[in-house]
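Visitor: Just the structure for this:
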Amino acid sequence: MNIVKFQDFIELIKEGTTGSPAVVAERLGISERLVYYYVSVLKKEFKAPIAYCRKQQTYYFTEEGKIDLKWQNPKKQNEF
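Guide: Numbers count the residues shown, from 1 in each chain. Presented below is the predicted three-dimensional model:
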């Protein structure tokens with residue numbers, strides 16, 4: 001899995017601008033099948049409340065929340 005493209009997909013979901021699975025696949029330069037895989041990972045591994053709106057043709061999160069895929073060092077966070 002390309003983490004950068006996965007993060008880009010998450011950002012498009014947050015913005016509500018993914019488009020259909022075929023459109024977002026083209027935008028990200030991935031297969032439509034991989035889009036469905038990304039959705040599956042978000043639902044199963046991250047427990048993200050994600051849905052698809054057929055009228056607006058976009059994926060969206062049904063609840064407020066945050067997915068953070070960045071490494072964080074707790075010791076460095078406390079440094080000023």
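Visitor: who's in contact with the spatially most central residue of the chain?
Guide: Residue closest to the average C-alpha location in the chain (Cα atoms, centre = their mean): Ile10, at 2.2 Å. Each residue near Ile10 by Cβ atoms under 8 Å, 6 or more residues apart in numbering is listed here: Leu42, Ile67, Leu69. Any C-beta I mention is one placed from the backbone N, CA and C, and that applies to glycine too.
Visitor: okay, the last one: pLDDT?
Guide: Going back to what we said before, that points to Leu69. Confidence at Leu69, expressed as pLDDT, is 74.
Visitor: my read: Glu63 touches Pro49, true?
Guide: Yes: Glu63 lies in contact with Pro49 (Cβ atoms under 8 Å); the separation is 4.6 Å.
Visitor: ok, these two, which is more surrounded?
Guide: Per other Cβ atoms under 10 Å, whichever of Glu63 and Pro49 has more neighbours is Pro49, with 13 against 7.
Visitor: Quick check: the more buried one vs Gly19, distance?
Guide: To Gly19, Pro49 is 20 Å away according to Cβ to Cβ, to the nearest Å.
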